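Chemist: Just to be clear, the model below is a prediction. Sequence and coordinates:
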Amino acid sequence: MNEKEAKARIKINKLLEEAGWRFFDGPQGKANILLENNIKITEHQYDDFGEDFEKSRKGFIDFLLLDENGKPFVVLEAKSGKKNPLDGKEQARKYANSIGVRLIILSNGDLHYFWDIEYGNPEPVTKLPRYASLVDKYQKTNPFKPDADKLVNEIIEKDFIAVGQKYDYKEDPRWHDESLQAEYITEAKLKFLRQYQINAVKRLQKAVSDGRTRFLFEMATGTGKTLVAAAVIRLFLKTGNSKRVLFLVDRIELEDQAKKSFDNSLKPDHKCVIFKENRDDWYRADIVVTTIQSIMHNDKYKDIFSPSDFDLVISDEAHRSIGGNSRAVFEYFLGYKLGLTATPKNYLKNVDQDKLAVFDPKKLEMRQLLDTYITFGCDDYEPTFRYSL
């Protein structure tokens, strides 16, 4: 079998089956992969597709992936390795619309894209989203239906966090008594945003309205980055633009601090867990906090998580937590990305990028991967929000 044929077999066999999809009935359940027009795949067809995709129509194969009830759920437009997955974009959209499906996967075995046609554009993924993850996200209680307009139009005031902690905090007589108010706030552990923190969240809302999906907050140490992160998390969860958030740190002590901070500011509405303490039921939480090291060793994050498990990924101390090899973890997940840092790394300052691209393209690529601004889409080297003391 030549290289092309081997890749074709991987497309059908490994990529789908490792993600929990099934070509045939078995101990794990009934087959949940059909050919277009609801034709069940035979053993003979399975072998043919593995041998050469070019035997199929125009080098494309449409697979219909089914949900738990055997109903159309995801369209997979699979292509031979020599073709760009995005070439099948419009064809896949037409097919999906014709059968009332909103989710599409485009793949040529090496490159993959996941596409929710109701809410965005195809997003690159390094692995196919898992069956269980997509069912949980799109079909269980409160199906995921993001609405960027709701996020953009949400009113952010100083008590944005406080009303989530205690919605009726203003009804307490002590709130209206200036001599008792400070004591009441301390006793109730109410968190109020300062104006610059409000401005940070509003700047993110503006970026979303401009179509951005990556944001960088450059804030000095001691300015309450974690509280701002809590406000952003509440904004995404409250408006339905995220079902689950991943918060990445680079040190164990920061892991514990973040968990405590989110518990103090986001309970009772949202549950936060530390991944290593909840390896078997992290998926029940709204916020998962982890050190990058806990999930990076031997690429185990790929075995633990599906690219679709989180809709917002926040990197604390972003200049450290997603540098070097850690960047792959960050890029693995779909959705919005936010970086928090007091000291962003600029690896392209005073660098002639055009010259470097010619004489040492690998070095340029490495600098780009390490550059905090580039990572978060700030190509003009201006963060989404900046605040210094």
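Modeler: Everything's here; your move.
Chemist: now the end-to-end length of stretch 313-325.
Modeler: 17 Å (Cα to Cα, to the nearest Å).
Chemist: Show me what the mean pLDDT comes to for it.
Modeler: For stretch 313-325, mean pLDDT rounds to 78.
Chemist: what's the answer for stretch 241-259, then?
Modeler: Across stretch 241-259, the average pLDDT comes to 95.
Chemist: Determine how far the last residue of it lies from the first.
Modeler: End-to-end distance of stretch 241-259: 21 Å, with Cα to Cα as the criterion.
Chemist: ok, and for that stretch, which residues are buried?
Modeler: Using 16 or more other Cβ atoms under 10 Å as the test for burial, stretch 241-259 gives 241-250, 254-255, 258-259. (Glycine included, C-beta is placed from N, CA and C.)
Chemist: What of stretch 14-24?
Modeler: Under the neighbour-count criterion of 16+ other Cβ under 10 Å, stretch 14-24 has 15-16, 19-23 buried.
Chemist: how deep is the nearest residue to residue 147 once chain neighbours are set aside tucked in, by neighbour count?
Modeler: Excluding the flanking residues, the one nearest residue 147 by Cβ to Cβ, 6 or more residues apart in numbering is residue 240, at 6.2 Å. If you count neighbours by other Cβ atoms under 10 Å, residue 240 ends up with 16.
Chemist: and the buried residues of stretch 241-259, which of them are in strands?
Modeler: Counting by DSSP state E, the buried residues of stretch 241-259 place 245-249 in strands.
Chemist: Tell me which stretches of the stretch 251-389 of the chain form helices.
Modeler: 252-266, 292-296, 301-304, 318-321, 327-332, 353-359, 361-370, 372-375 (DSSP state H, counting those that start in this stretch).
Chemist: where among those helices is the average confidence lowest?
Modeler: helix 361-370 (a mean of 56).
Chemist: coming back round to it: which one among the ones in strands among the buried residues of stretch 241-259 gets closest to residue 105?
Modeler: Checking those against residue 105 with Cβ to Cβ, the nearest one is residue 246 at 21.5 Å.
Chemist: so how far is residue 329 from the closest one?
Modeler: According to Cβ to Cβ, to the nearest Å, residue 246 stands 9 Å off from residue 329.
Chemist: next one: residue 79
Modeler: For residue 79 relative to residue 329 (Cβ to Cβ), the value is 27 Å.
Chemist: Same check on residue 96?
Modeler: In terms of Cβ to Cβ, residue 96 sits 30 Å off from residue 329.
Chemist: same thing with residue 164?
Modeler: 29 Å.
Chemist: From the neighbour counts alone, determine which of these two ranks first.
Modeler: When residue 164 is set against residue 329 and neighbours are counted by other Cβ under 10 Å, the residue ahead is residue 329, at 23 against 20.
Chemist: you'd agree residue 124 is in a helix?
Modeler: No. Assignment of residue 124 by DSSP: H, G, I helix; E, B strand; the rest coil gives strand, placing it outside any helix.
Chemist: any idea which element the nearest residue to it once chain neighbours are set aside lies in?
Modeler: Leaving aside its chain neighbours, residue 124 sits nearest to residue 113 (5.7 Å; criterion: Cβ to Cβ, 6+ apart). For residue 113, the host element (DSSP states H and E) is strand 112-116.
Chemist: how much space between the nearest residue to residue 294 once chain neighbours are set aside and residue 343?
Modeler: Excluding its sequence neighbours, the residue lying closest to residue 294 (Cβ to Cβ, 6+ apart) is residue 276, at 5.2 Å. Counting by Cβ to Cβ, the gap from residue 276 to residue 343 is 27 Å.
Chemist: show me the contacts for residue 123.
Modeler: Shown in contact with residue 123 (Cβ atoms under 8 Å, 6 or more residues apart in numbering): 113-115, 334.
Chemist: Just give me the closest of those to residue 152.
Modeler: Out of these, the member with the shortest distance to residue 152 (by Cβ to Cβ) is residue 334, at 19.9 Å.
Chemist: how many other residues sit next to that closest one?
Modeler: Around residue 334 there are 21 residues (other Cβ under 10 Å).
Chemist: Was I right to think it contacts residue 115?
Modeler: No. Applying Cβ atoms under 8 Å as the test, residue 334 and residue 115 come out as separate, 10.2 Å apart.
Chemist: Helix or strand: which one has the residue lying farthest from the centre of the chain?
Modeler: Here the centre of the chain is the reference, and by Cα atoms, centre = their mean the most remote residue is residue 179, at 45.5 Å. Assigned by DSSP H and E, residue 179 belongs to helix 178-188.
Chemist: List the buried residues in that helix.
Modeler: 184-185.
Chemist: what does that helix rub up against?
Modeler: Residues outside helix 178-188 that contact it (Cβ under 8 Å, 6+ apart): 165-166, 169, 172-175, 190, 192.
Chemist: Am I right that residue 320 is in contact with residue 250?
Modeler: Yes. Using Cβ under 8 Å, residue 320 is in contact with residue 250, at 4.8 Å.
Chemist: in stretch 297-314, what counts as buried?
Modeler: With burial defined by 16+ other Cβ under 10 Å, the residues of stretch 297-314 counted as buried are 301-302, 305-314.
Chemist: mind listing the helices in the stretch 1-150 of the chain by residue range?
Modeler: Using DSSP H, counting those that start in this stretch, the helices found in the stretch 1-150 of the chain span residues 3-10, 16-18, 43-51, 89-98, 131-138, 148-153.
Chemist: what does the shortest one rub up against?
Modeler: It stands for helix 16-18. The contact list for helix 16-18 (Cβ under 8 Å, 6+ apart) reads 23, 33, 63, 76, 127-128.
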